[in-house]
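Asks: return a 3D structure for these sequence lines:
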Amino acid sequence: MKKVLVALLCCAFIGSTFAADWANGDNSAYKKGDKNVSLGLSIYYFGCYGTFDYAFHDALSAGGGVGYNGYSFSSYWRYNYFPLVGRVLFHPFNLKVLSDKIKVRDKLDVYAGLSLGWSIGWATWKGSGSSLSDPTVGGFVLRENIGARYYFKPDIYAFVEEGAGFGWINAGAGMKF
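Replies: All right, here's what the predicted structure looks like:
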């Protein structure tokens, strides 16, 4: 399933260079040239993170993020993660097919995409005595990313998203430049 999703996103990315008029950013909260900086909190694993996205097309953006999160397991182990990811996002509200049918697209930006990167991790033993073995922590990150941004002002928004390599549910605020 992940391979199919990666292939579809690669096709969308490559296809955008050959068919530049399939999306329209007019009267939209998201358009080509936008730069978004977001700060958020993660729920499971609990933590915080920051992201940056650049809109290189009216329906596609790319960027990256860095964060910290962790959790404890039965009061013996403390797991910590430091994810570093790059991401590509697709913004369907700007498709020409939908642009005149969605009335809230001047305030709402929904997106879906992939996050790819590396998570630096470590575990700390908190129990009495010594641990039986050291767990494997961290590694390669490949996650889906589905979310929405609601713009209170043209350059200030709140967002909620699933995935992205930071936590299962993420929420926060950001600014558009």
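Asks: drop to CA atoms for contacts and neighbour counts, all remaining ones
Replies: Will do.
Asks: mind listing what's buried in the strand ranked longest in the chain?
Replies: Assignment by DSSP state E gives strand 108-125 as the longest strand of the chain. By 16 or more other Cα atoms under 10 Å, the buried positions in strand 108-125 come out as 108-119, 121-123, 125.
Asks: ok, which pair from those is furthest apart?
Replies: By the measure Cα to Cα, L108 and W125 form the most distant pair in the buried residues of strand 108-125, at 44.3 Å.
Asks: how about K32, phi and psi?
Replies: Backbone torsions for K32, taken as degrees, to the nearest 10, come to phi -60, psi 140.
Asks: you'd agree it is up against D53?
Replies: No - using Cα atoms under 8 Å as the test, K32 is too far from D53 to be in contact (11.2 Å).
Asks: more neighbours, those two?
Replies: D53 (21 against 16; other Cα atoms under 10 Å).
Asks: which residue is the nearest non-sequential neighbour of that one?
Replies: G63 (4.2 Å; Cα to Cα, 6 or more residues apart in numbering).
Asks: ok, now A55?
Replies: S61 (4.1 Å).
Asks: mind checking how far the one you found is from F140?
Replies: Distance, S61 to F140, by Cα to Cα, to the nearest Å: 22 Å.
Asks: so for those two, which sits in the more crowded spot?
Replies: S61 (26 against 14).
Asks: could you say what helices and strands the helix or strand containing that one packs with?
Replies: Element membership of S61 [criterion: DSSP states H and E] is strand 60-73. Secondary-structure packing of strand 60-73 (3 or more Cα pairs under 8 Å, 6 or more residues apart in numbering; DSSP states H and E): strand 46-55, strand 77-90.
Asks: would JSON lines of the ones you listed with distance to I169 and mean pLDDT be doable?
Replies: Listed next are these as JSON lines, based on distance: least, Cα to Cα, whole Å; pLDDT from 0 to 100:
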{"stretch": "strand 46-55", "distance to I169": "9", "mean pLDDT": "93"}
{"stretch": "strand 77-90", "distance to I169": "15", "mean pLDDT": "90"}
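Asks: show me what counts as buried in the strand holding S61.
Replies: Neighbour counts over strand 60-73 (16+ other Cα under 10 Å) mark L60, S61, A62, G63, G64, G65, V66, G67, Y68, N69, G70, Y71 as buried.
Asks: the last one reaches I43, doesn't it?
Replies: So that's Y71. No - using Cα under 8 Å, Y71 is not in contact with I43, being 10.3 Å away.
Asks: rewinding a little: got the helices and strands packed on strand 60-73 as TSV, with distance to L39 columns?
Replies: Formatted as TSV, those follow (distance: least, Cα to Cα, whole Å):
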stretch	distance to L39
strand 46-55	4
strand 77-90	14
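Asks: and of the ones you listed, who's closest to I146?
Replies: Nearest of those (Cα to Cα): strand 77-90, 8.7 Å.
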